[in-house]
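Asker: what follows is a predicted structure for the sequence shown.
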Amino acid sequence: MTIIKVCSICNEEIEDIDKAMLREIRKSAMKFPGSKKEEMKKIHTLAFKFSNEKICEYCYLRDMARLTTIMKIKAMENKKP
């Protein structure tokens, strides 16, 4: 019997992903530096969800792009004289 995993964000079937890559992502997320910034905490959580196959690769990449864009915008706003 095959268990079909479904993304908790988009409800699409999660495709098989290289388990070694998922272990590396999980390992990196465990070493992720603590931060008070909300986006950094969300990135950390997102990495764990993806590495534990709770979300699909598309949702992971989409949300990572969104969060990093937010961080860039905030950094530019803080840099303005």
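Answerer: Nice, thanks for sending it over.
Asker: is it true that E39 touches I73?
Answerer: No. Applying CB atoms under 8 Å, one finds E39 not in contact with I73, separated by 10.2 Å. The way it works is simple: take the backbone N, C-alpha and C, and place the C-beta from them, glycine included.
Asker: which one of those two is surrounded by more residues?
Answerer: More crowded of E39 and I73, by other CB atoms under 10 Å: E39, with 16 against 10.
Asker: can you confirm M40 is in a helix?
Answerer: Yes. Under DSSP: H, G, I helix; E, B strand; the rest coil, M40 sits within a helix.
Asker: from E12, how far out is it?
Answerer: M40 sits 27 Å away from E12, going by CB to CB, to the nearest Å.
Asker: show me what contacts I9?
Answerer: Contacts for I9 were tallied using CB atoms under 8 Å, 6 or more residues apart in numbering; they are I55, C56, C59, D63.
Asker: that one and K49, how far apart?
Answerer: The spacing between I9 and K49, counted by CB to CB, is 9 Å.
Asker: okay, stretch 51-71 in PDB with CA atoms only?
Answerer: The C-alpha coordinates for stretch 51-71 follow below in PDB (Å, rounded to 0.1, in the frame of the first residue of the first chain):
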ATOM      1  CA  SER A  51      12.200  18.600   4.700                       C
ATOM      2  CA  ASN A  52       9.500  16.700   6.600                       C
ATOM      3  CA  GLU A  53       7.500  16.500   3.400                       C
ATOM      4  CA  LYS A  54       4.500  18.500   4.800                       C
ATOM      5  CA  ILE A  55       4.600  20.900   1.800                       C
ATOM      6  CA  CYS A  56       5.400  20.500  -1.800                       C
ATOM      7  CA  GLU A  57       8.500  21.900  -3.600                       C
ATOM      8  CA  TYR A  58       6.500  24.500  -5.500                       C
ATOM      9  CA  CYS A  59       4.900  25.900  -2.300                       C
ATOM     10  CA  TYR A  60       8.300  25.800  -0.600                       C
ATOM     11  CA  LEU A  61      10.000  27.700  -3.400                       C
ATOM     12  CA  ARG A  62       7.200  30.200  -3.800                       C
ATOM     13  CA  ASP A  63       7.100  31.100  -0.100                       C
ATOM     14  CA  MET A  64      10.900  31.300   0.100                       C
ATOM     15  CA  ALA A  65      10.900  33.800  -2.800                       C
ATOM     16  CA  ARG A  66       8.100  35.800  -1.100                       C
ATOM     17  CA  LEU A  67       9.800  35.900   2.300                       C
ATOM     18  CA  THR A  68      13.200  36.800   0.900                       C
ATOM     19  CA  THR A  69      11.600  39.600  -1.200                       C
ATOM     20  CA  ILE A  70      10.000  41.000   1.900                       C
ATOM     21  CA  MET A  71      13.300  40.900   3.700                       C
END
